[in-house]
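Engineer: what would the 3D arrangement of this be:
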Amino acid sequence: MKLFLDSAKADEIRHALESWDLDGLTTNPKHVKASGKSFRAVLDEIAELFAGTDKPVSVEVDPHLLDWRKIVSAGADLSTLSPNFVIKVGASEHGFRAIRELSSRGIRTNATLIFTVAQAWHAARAGATFLSPFVGWKEQYGEAPDTLIGEVRAMLDTHDYSSEIIGAAIRNPRQVGDLAVAGAHCVTAGLAVYQESVRSPFTDMGEQIFQAAWDETPA
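Structural biologist: Numbers count the residues shown, from 1 in each chain. Below you'll find the model as predicted:
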């Protein structure tokens with residue numbers, strides 16, 4: 001399973017590239033806002049950080065765009081800014097039509113805000129490069145998310161679609177592990193989630209036991 005970072009902050013991205021061997025990046029308007037910089041400034045920074053690699057970077061079109069022609073136009077413009085850029089498009093009737101058109105032009109896409117297998121199927125059929133089911137949001141609002149990723153993966157495998165699943169809106173390390181077991185191709189999460197995922201209080205306890213034994217062993 002590939003490790004993507006969900007962020008638009010240059011310092012976080014740089015750290016993840018250096019320390020985590022990051023496989024790719026996802027962004028959204030909330031992350032761009034949190035960076036405190038303009039949309040274009042953030043994209044320019046990200047493009048520079050990933051220059052010379054083949055790592056995908058998902059950047060989202062203006063979510064106010066509801067007509068597929070305008071989505072295509074905006075996505076095509078964004079794609080010219082970096083060969084790494086993958087165009088994020090929301091799951092909708094116009095969104096899927098835009099994905100179909102962008103894909104026909106050789107522009108990679110990420111169908112975002114997916115919450116059902118049917119939505120994932122429409123996106124895959126339209127030629128989306130990536131599908132982004134939002135796992136954390138489903139759990140946050142009382143829906144069990146544990147079967148969605150496995151069902152989407154089964155649908156892709158059954159019908160031989162080439163789209164890859166990016167498990168998105170990940171809130172804790174348990175969800176990272178669940179995605180890996182369920183067959184997600186990629187996971188995207190904030191840096192804090194990944195940092196927490198390498199820790200366990202049992203590991204800390206074990207280290208303390210072994211440290212004490214080491215110190216009490218005669219030289």
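Engineer: show me what contacts residue 43?
Structural biologist: Shown in contact with residue 43 (CB atoms under 8 Å, 6 or more residues apart in numbering): 59, 78, 81-82, 85. To be clear about C-beta, it is placed using only N, CA and C from the backbone, and glycine gets the same treatment.
Engineer: again, but for residue 117
Structural biologist: Residue 117 touches 148, 151-152, 155, counting by CB under 8 Å, 6+ apart.
Engineer: which of these has the most neighbours?
Structural biologist: With neighbours taken as other CB atoms under 10 Å, the top of these is residue 152, carrying 27 neighbours.
Engineer: once you drop chain neighbours, what's closest to that one?
Structural biologist: Of all residues not flanking residue 152 in the chain, residue 120 sits nearest, at 4.5 Å (CB to CB, 6 or more residues apart in numbering).
Engineer: give me the element that neighbour is part of.
Structural biologist: helix 117-126 (DSSP states H and E).
Engineer: cool, residue 41 as well?
Structural biologist: Assigned by DSSP H and E, residue 41 falls in helix 39-50.
Engineer: what lines up beside the next helix or strand after that helix in the sheet?
Structural biologist: For helix 39-50, the succeeding helix or strand toward the C-terminus, using DSSP H and E, is strand 57-60. When sheet partners are counted by DSSP bridges, strand 57-60 sits next to strand 24-26 (parallel), strand 85-90 (parallel).
Engineer: any idea of the mean pLDDT for the first one?
Structural biologist: The reference is to strand 24-26. Throughout strand 24-26, pLDDT has a mean value of 98.
Engineer: please name every helix or strand in contact with the next helix or strand after that strand.
Structural biologist: Going down the chain from strand 24-26, the next helix or strand is helix 29-35, by DSSP H and E. Other elements packing on helix 29-35 under the criterion 3 or more CB pairs under 8 Å, 6 or more residues apart in numbering; DSSP states H and E are helix 39-50.
Engineer: which residues of this protein score low on pLDDT?
Structural biologist: 138, 140-146 (pLDDT under 70).
Engineer: now the helix holding residue 120: buried residues?
Structural biologist: 117, 119-124, 126 (16 or more other CB atoms under 10 Å).
Engineer: next structured bit after that helix?
Structural biologist: Using DSSP H and E, the first helix or strand after helix 117-126 is strand 130-133.
Engineer: ok, and what's touching that next one?
Structural biologist: Residues from elsewhere that reach strand 130-133, judged by CB under 8 Å, 6+ apart: 26, 56, 58, 86, 88, 108-115, 120, 123-124, 148-149, 152, 163-168, 186, 188.
Engineer: so which of the residues you listed belong to helices?
Structural biologist: Members of the contacts of strand 130-133 lying in helices (criterion: DSSP state H): 120, 123-124, 148-149, 152.
Engineer: which of those residues lies closest to residue 33?
Structural biologist: residue 123 (25.5 Å; CB to CB).
Engineer: the residue sitting nearest the centre point of the chain pairs with what?
Structural biologist: Centroid-nearest residue in the chain, with CA atoms, centre = their mean: residue 188, separated by 3.6 Å. Using DSSP bridges, the beta-bridge partners of residue 188 come out as residue 4.
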